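the following comprises the amino acid sequence and a computationally predicted model.
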Amino acid sequence: MKAFILGRIREIEEHYPELMFKQVNTDKDHVHMLMSIPPSWSIGKVVGIVKANTTKAMKANFPYLKQVYWGTGSIWSEGYFVSTVGIDRTTIEAYITNQGKADSGQNNFKLF
């Protein structure tokens, strides 16, 4: 499934060259992306493009999803989380890279 989603994201980039997916990784039930979006685009519009383009293709290629997500047009949740990248892009890239690993080191943080 991960390879399929990554392929769809590359297709989105081809159709919308102004959207740049810098990094993408998946976990069991979610996807994290580091993107560059032009200021003239709303984040909601971009999320909508990603969800719409991946949902239709995933339902077509993985028929069991139609049974799991019956009664709804989508397989994604209605919401999403967005944060801007300021000074510490490296931390965000490491977090995305470590998605799906048992312990990404988050519990080893020490305040003092």
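Good, I have the coordinates.

the helices in the chain, which residues?
2-15, 43-61, 64-68, 89-97 (DSSP state H).

okay, the ones you listed in JSON lines with mean neighbour count and mean pLDDT next?
Every C-beta, even on glycine, is put in place using the N, C-alpha and C of the backbone. Below are the helices of the chain laid out as JSON lines (neighbours: other C-beta atoms under 10 Å; pLDDT from 0 to 100):
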{"stretch": "helix 2-15", "mean neighbour count": "13", "mean pLDDT": "92"}
{"stretch": "helix 43-61", "mean neighbour count": "15", "mean pLDDT": "90"}
{"stretch": "helix 64-68", "mean neighbour count": "10", "mean pLDDT": "84"}
{"stretch": "helix 89-97", "mean neighbour count": "14", "mean pLDDT": "83"}
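
those: which one's closest to V31?
In terms of C-beta to C-beta, the element of those nearest to V31 is helix 2-15, at 6.5 Å.

that closest one: how far from the chain's middle?
Distance of helix 2-15 from the chain centroid (C-alpha atoms, centre = their mean, to the nearest Å) equals 11 Å.

list of residues touching it?
19-21, 24, 26, 31, 33, 49-50, 53-54, 57-58, 61-62 (C-beta atoms under 8 Å, 6 or more residues apart in numbering).

stretch 49-63 now?
By C-beta under 8 Å, 6+ apart, the surrounding residues in contact with stretch 49-63 are 1, 4-5, 8-9, 11-12, 16, 19, 33, 65-66, 69, 73-76.

thought V46 was touching I37?
Yes: under the criterion of C-beta atoms under 8 Å, V46 makes contact with I37 at 5.4 Å.

joint contacts of those two?
Joint contacts of V46 and I37 (C-beta under 8 Å, 6+ apart) are L19.

send me stretch 83-102 as PDB with only the CA atoms.
Extracted in PDB, the C-alpha atoms of stretch 83-102 (Å, rounded to 0.1, in the frame of the first residue of the first chain):
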ATOM      1  CA  SER A  83       2.300  22.700  11.000                       C
ATOM      2  CA  THR A  84       4.700  25.100   9.400                       C
ATOM      3  CA  VAL A  85       8.400  24.400   9.400                       C
ATOM      4  CA  GLY A  86      10.400  27.100  11.000                       C
ATOM      5  CA  ILE A  87      14.000  26.800  12.100                       C
ATOM      6  CA  ASP A  88      14.100  23.000  12.900                       C
ATOM      7  CA  ARG A  89      13.400  21.300   9.600                       C
ATOM      8  CA  THR A  90      15.900  18.500  10.500                       C
ATOM      9  CA  THR A  91      13.700  17.400  13.500                       C
ATOM     10  CA  ILE A  92      10.600  17.200  11.300                       C
ATOM     11  CA  GLU A  93      12.500  15.200   8.600                       C
ATOM     12  CA  ALA A  94      13.700  12.700  11.200                       C
ATOM     13  CA  TYR A  95      10.200  12.300  12.600                       C
ATOM     14  CA  ILE A  96       8.800  11.500   9.100                       C
ATOM     15  CA  THR A  97      11.700   9.200   8.300                       C
ATOM     16  CA  ASN A  98      11.100   7.200  11.500                       C
ATOM     17  CA  GLN A  99       7.300   6.700  11.000                       C
ATOM     18  CA  GLY A 100       6.300   3.100  11.700                       C
ATOM     19  CA  LYS A 101       9.300   2.200  13.700                       C
ATOM     20  CA  ALA A 102       8.700   0.800  17.200                       C
END
